[in-house]
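In: model the structure of this input:
(chains A and B)
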Amino acid sequence: MDECQSAIPAHDGDLHVVAAAHHIVKALGTTKNLSDDLRKILIDLDAHLSLITSNIDSKGRKGFVEVEERLKRVERKIVIWESDRIMIWDSGPKEASDYLEAVDEVQTLIDSLRGISMNENQKQKELLHRASSLLQMAMSRLEEELIHMLVKHKQQSEPTYIPSPSSQRNVVYNESVVSLDNESAKEASSKNSCSDECGEYIVDLVPEHVIPDIKSIAKVMFASDYGQEFCEAFIGVRKEALEQHFDILENGKLSIEDLLKMEWCSLSTEMNKWTWSMKIIFGVYLMSEKRLCDQVLGEFGSVNSFCFLEIAKTTILCLLNFGEAIAMGPQEPEKLLRLLDMYETLADLVIDIDALFSEDGGSFVRLEFHKLLEGLADSVKAAFNAFGVAVSSNGSLYPFPGGGVHPLSKYVMNYISMFPEYCSTLNLLLEDQHSDVASLVSEPQCGPTASLSTSCPMACHLRSITSSLESNLHKKSKLYKDEALQHIFLMNNLHYMVQKVKGSELRPFFGDEWIRKHNAKFQQHEMNYERVTWSSVVLLLKDDNPGSSSLSKSAFKEKCKGFSIAFEEVYKNQTSWCIPDPQLREDLRISTSLKVVHAYRTFLGRNPAHVDDKCIKHTVEDVEKLLFGLFEGSPRSLRNSRRMMKT
Amino acid sequence: MPATDYQASFLGRISIRRNQVIAMDGNHEQELQDLELFSKHVSERFAELLSSPDDIPFDALLSISWLRKLLDFFLCCEAEFKGVLMMGNDPSQISKPPLDRLIPEFLDRSVKALDVCNAVTNGLESVRHYQKLAEIVVSALEQKPIGDGQSRRAKKALTSLMSAMNVDDKECSAAKATERSWSFSRRGVSSKDRVPEHFRSVSNQVAKNWSAAKQIQAMTNNLVPPRGAEGSGLASPVYTMSVIMVFVMWALVAAIPCQERNGLSAIHFPAPKQLNWAQSIIGLHEKIGEEWKKKEKKGTAGLLDEMQKMEKLGNILMDFTDSFQFHGDITDQKAEEAAARSAELAETCRRMEEGLLPLQIQIREVFHRIVKTRTELLNALDQVGKSSPPLL
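Out: Prediction:
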């Protein structure tokens, strides 16, 4: 504007030039199809030229008549709103655009007044002050309008689909391995089911139609050098809105101290909430907030990223601190799945975070989340190892009653059946420990010929865990005094493991070879059971003199009695034993029956003469029926059952 | 270890003992040297902090750059502490009395310090907000000539600044935050300047009842100087480091807006004056404590030098804008003074702009360092626990 100063004409003759120029400018200004920028230039020029004219009119002293007139006109337009309780933008688009036009005019007048030298011109000074006051009044007003607008519209854009994280979406696996003995294990939890649902989901935090209004205020405030005020007001409202959204997600504001002391049940819930909140806050709100900032502040350069960072920072720090607290906590095995959820969530978001905070000011945030990701990776590894240790070291003082499926087997198998869902993450994280474990688990699958799924790090770790489980079960089986029960116990548990592998996503990681081998193992225990229990019993019926056709009565009686006593003893014992799997139970009964009933029938058949009710306590049919009462897990004495059978 | 294990061979027993004695002697000497060096460094560093000249604004007590130096020294002391405690020494020492008690207490203190770090990081967000408001004041007043518009603009920002600093100072509780609403009815209110638009307080990151003062008070629990024979062993660096940690956290809380700081000056450090390294810390504690007492009477957002300056300048400039509005204009002399103050404020803002983010990052570094040491100590305890036979 400095050139205007020198452009003040000295001679009357110049006056005509100025007047002519002014005329042209005014004429040009009436042209319809002008760009906004050009129109602005013309308006500015117009103002300058009028100033020059008025200056000259008044011989450089007390002029500015026209400027004063114009100032008075806009003053009326601006001041009138000061006494009005209604917001301008609520009154209508016409009122709003009139107001903005008035502010533009004030700015133009200020620029023009500044453009002219201030040599002792009291009038000019006074006008400038008046215009500045007016501008301040208008700016203050615009700030209020902005806040009002942002607050009024922020509620309406509440996304409605957010389910409460405490809902039944996740059945949380809250048990710990340590407290397992003689407790039934719950069925496995399902993975956080929302993992892929929300992804990136941009919502309108402010309705689309309001954006141009906000932008128009931004434009005029920045043009008048009130950008700082705009930013502070914008940040203030948006930051609060984000924090409200964050509060809705029910993230308990907990100190690290509290979190480290927290019971696993509550902690697990908090971890779930965090996972959920991260997805919502980053995937939805911050993405949307970034877009809003881009829309409103996109043309104002670095202000844009500054505002976004200010809006987001405290909420982000809150999420970050929770993550840090979890990553530093003791990594108990039961945390593994929740930690995996947290890790996967953050790993998925890291690219978004990098994009959202790509500017220098945000590098702090970026770095912190990368650090947290590493921390969570270490936590997952630590929890995985702790899980392995817990599986092999879980000890019992007393044998598990009935020889059924031990809670540890259930826990471990159900727990690991969740792992395939985290396959790629686990493969990534367990990679560096892979070689150690692979050599430990000397299954043929780990060799070079194995298929990809059975040789991946996770598969090897899974088999290493089940082999720890097996050896632990062997240890547990030694607690039974009865060798037959040891076999039942191992058969039950190995069978359970095989069934779990076959019936789940685990199958490809264990492979057919593993299944075959473990089928053979439990079948071996089945056979051993039969041998240990029944061989001696059947032996009692054995023909001592294979040459002679039949036994003497007393010898027959003796054998019968011996068999009955032995059989009743087994019956009494083994009805309390338990084979939970009906098919397995049935198979074992049939094969036992084949062996025992066959021997008994042969025995009786060989001695038809002595067959009478008195010395034969149990008929073949009785024995057959009784055998089918075994392994139900409820102890029965034979007297009861006989009575029951008779009735 | 049960005594019977030793009875295998009398000779063997003697030789084991001799080896142990020799090994311990060698270690012990080294250990004493390390300990001495550690406390010498601590004492030197804090003496430097204490002697920080008040008249050079850049390095003044509790200025941003002073705090950064404090945190630097903390990190140095911490690294040396870990060296003394964990390297070169028999790792099983940390599981023996008195360390078996002192280390867990130290770790407990560390966790509390982490929460303080987070609260302070959050508090720095408020300071940043003050800076932005002060920048508005500066840009209003740097316009020439200053007229009614500029003065009103400055006043509005000043009002927001002063009340924001005041709000943060009161227990900036959640109740405060929710109480605030962007009132629409104020359109009717005649005085336009009174309503602080940029009203923002510390967002509550932690629970409502969390108190910085209580947290630091709790850190001093069980913090007693080692007595007698303990004084020459590893108990002493654990104690020294604890005092440093408590002091650093205390100073941060005193300087930067934090939730609930009542009673901060009453926190007593059980650091005996006869300990050489402790003297400077005690000196600093007294000096800052005095300041805090003054503050408690007067009410300021925190002792951060830049903030105090901001408050002082803010008050002066507020008077200036008031008188401007009253008289409609001002004398040149007044205008000059206002310009000078405004330039000072601009300088303060510039220092904040330069220093706040690095300070925040440094607090984060302290945070991570404390976490790391905690993890290492826990692992070491775990290892020792595994390798030695259980006592039960």
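
In: can we go C-alpha only for contacts and neighbour counts from here?
Out: Noted.

In: nearest to chain A: which residue in chain B?
Out: Scanning chain B for proximity to chain A using C-alpha to the nearest C-alpha identifies B:Gly149 as nearest, at 3.6 Å.

In: what residues are up against that residue?
Out: B:Gly149 sits next to A:129-137 when contact means C-alpha atoms under 8 Å, 6 or more residues apart in numbering or on different chains.

In: filter those residues by proximity to chain B?
Out: Applying C-alpha under 8 Å from any C-alpha of the partner chain, the subset of the contacts of B:Gly149 adjacent to chain B comprises A:129-137.

In: among the residues you listed, which are in helices?
Out: Mapping the ones next to chain B among the contacts of B:Gly149 onto helices (DSSP state H) picks out A:129-137.

In: make JSON lines out of the residues you listed and add neighbour count and pLDDT.
Out: Shown next, in JSON lines, are these (neighbours: other C-alpha atoms under 10 Å in any protein chain shown; pLDDT from 0 to 100):
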{"residue": "A:His129", "neighbour count": "20", "pLDDT": "88"}
{"residue": "A:Arg130", "neighbour count": "21", "pLDDT": "90"}
{"residue": "A:Ala131", "neighbour count": "28", "pLDDT": "92"}
{"residue": "A:Ser132", "neighbour count": "24", "pLDDT": "91"}
{"residue": "A:Ser133", "neighbour count": "21", "pLDDT": "92"}
{"residue": "A:Leu134", "neighbour count": "22", "pLDDT": "94"}
{"residue": "A:Leu135", "neighbour count": "27", "pLDDT": "95"}
{"residue": "A:Gln136", "neighbour count": "21", "pLDDT": "95"}
{"residue": "A:Met137", "neighbour count": "21", "pLDDT": "94"}
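
In: identify, from those, the entry nearest to chain B.
Out: Nearest to chain B among these, with distances taken as C-alpha to the nearest C-alpha, is A:Ser133, at 3.6 Å.

In: which of the contacts of B:Gly149 sits closest to B:Thr373?
Out: The closest of those to B:Thr373 turns out to be A:Gln136 (C-alpha to C-alpha; 54.5 Å).

In: ok, that closest one touching B:Ala154?
Out: No - contact between A:Gln136 and B:Ala154 fails when scored by C-alpha atoms under 8 Å: they sit 10.0 Å apart.

In: for chain B, what are the nearby residues on chain A?
Out: A:82-86, A:129-137, A:144, A:147-148, A:151, A:228-229, A:232-233, A:236, A:252-257, A:314-315, A:318, A:321, A:328, A:364.

In: so which of those residues sit within helices?
Out: Those of the residues of chain A next to chain B lying in helices (DSSP H): A:82, A:129-137, A:144, A:147-148, A:151, A:228-229, A:232-233, A:236, A:256-257, A:314-315, A:318, A:321, A:328, A:364.

In: CA atoms of the helix or strand encompassing A:Arg114 as CSV?
Out: Using DSSP states H and E, A:Arg114 sits in helix A:93-115. Extracted as CSV, the C-alpha positions of helix A:93-115 are listed here (Å, rounded to 0.1, in the frame of the first residue of the first chain):
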residue,chain,number,x,y,z
PRO,A,93,-28.0,-16.4,5.1
LYS,A,94,-28.7,-12.9,4.0
GLU,A,95,-28.0,-11.5,7.4
ALA,A,96,-24.8,-13.5,7.6
SER,A,97,-23.5,-12.4,4.2
ASP,A,98,-24.4,-8.8,4.9
TYR,A,99,-22.5,-9.0,8.1
LEU,A,100,-19.5,-10.5,6.4
GLU,A,101,-19.6,-7.9,3.7
ALA,A,102,-19.7,-5.2,6.4
VAL,A,103,-16.6,-6.7,8.1
ASP,A,104,-14.9,-6.8,4.7
GLU,A,105,-15.7,-3.2,4.3
VAL,A,106,-14.2,-2.3,7.7
GLN,A,107,-11.1,-4.2,6.8
THR,A,108,-10.9,-2.4,3.5
LEU,A,109,-11.2,1.0,5.2
ILE,A,110,-8.6,0.1,7.7
ASP,A,111,-6.2,-1.0,5.0
SER,A,112,-6.8,2.2,3.1
LEU,A,113,-6.4,4.4,6.2
ARG,A,114,-3.2,2.7,7.1
GLY,A,115,-2.1,3.1,3.5
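
In: helices or strands next to it in the packing?
Out: In terms of contacts (3 or more C-alpha pairs under 8 Å, 6 or more residues apart in numbering or on different chains; DSSP states H and E), helix A:93-115 is packed against helix A:2-6, helix A:36-57, helix A:65-82, helix A:88-91, helix A:122-154, helix A:211-223.

In: deepest of these, which one?
Out: helix A:122-154 (a mean of 20; mean count of other C-alpha atoms under 10 Å in any protein chain shown).

In: that older thread, okay, the contacts of B:Gly149 in JSON lines with distance to A:Asn272 next?
Out: Below are the contacts of B:Gly149 laid out as JSON lines (distance: C-alpha to C-alpha, whole Å):
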{"residue": "A:His129", "distance to A:Asn272": "59"}
{"residue": "A:Arg130", "distance to A:Asn272": "59"}
{"residue": "A:Ala131", "distance to A:Asn272": "57"}
{"residue": "A:Ser132", "distance to A:Asn272": "55"}
{"residue": "A:Ser133", "distance to A:Asn272": "54"}
{"residue": "A:Leu134", "distance to A:Asn272": "54"}
{"residue": "A:Leu135", "distance to A:Asn272": "51"}
{"residue": "A:Gln136", "distance to A:Asn272": "49"}
{"residue": "A:Met137", "distance to A:Asn272": "50"}
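
In: what is the burial count for A:Ile248?
Out: A count of neighbours around A:Ile248, defined by other C-alpha atoms under 10 Å in any protein chain shown, yields 12.

In: so what's it up against?
Out: Taking C-alpha under 8 Å, 6+ apart as the definition, A:Ile248 has no contacts.

In: check what pLDDT it gets.
Out: pLDDT recorded at A:Ile248 is 83.

In: and for the one 4 residues further on?
Out: The confidence metric pLDDT takes the value 69 at A:Gly252.

In: return the helix or strand in chain B with minimum mean pLDDT.
Out: Every helix and strand in chain B was compared by mean pLDDT, DSSP states H and E; the lowest is helix B:174-179, with a mean of 34.

In: show me the contacts for the closest residue to B:Glu80 other than its chain neighbours.
Out: Distances taken as C-alpha to C-alpha, 6 or more residues apart in numbering or on different chains place B:Phe38 nearest to B:Glu80, at 6.6 Å, with adjacent residues excluded. Residues in contact with B:Phe38 (C-alpha under 8 Å, 6+ apart) are B:77, B:80-81, B:84, B:237.

In: for the stretch 251-392 of chain B, just list every one of the helices.
Out: B:278-298, B:305-327, B:332-387 (DSSP state H, counting those that start in this stretch).

In: okay, and A:Val350 sits in which element?
Out: Under the criterion of DSSP H and E, A:Val350 resides in helix A:336-356.

In: and that helix, what's buried?
Out: A:336-347, A:349-350, A:352-354, A:356 (16 or more other C-alpha atoms under 10 Å in any protein chain shown).

In: helices or strands up against it?
Out: Counting by 3+ C-alpha pairs under 8 Å, 6+ apart, helix A:336-356 packs on helix A:264-278, helix A:363-393.
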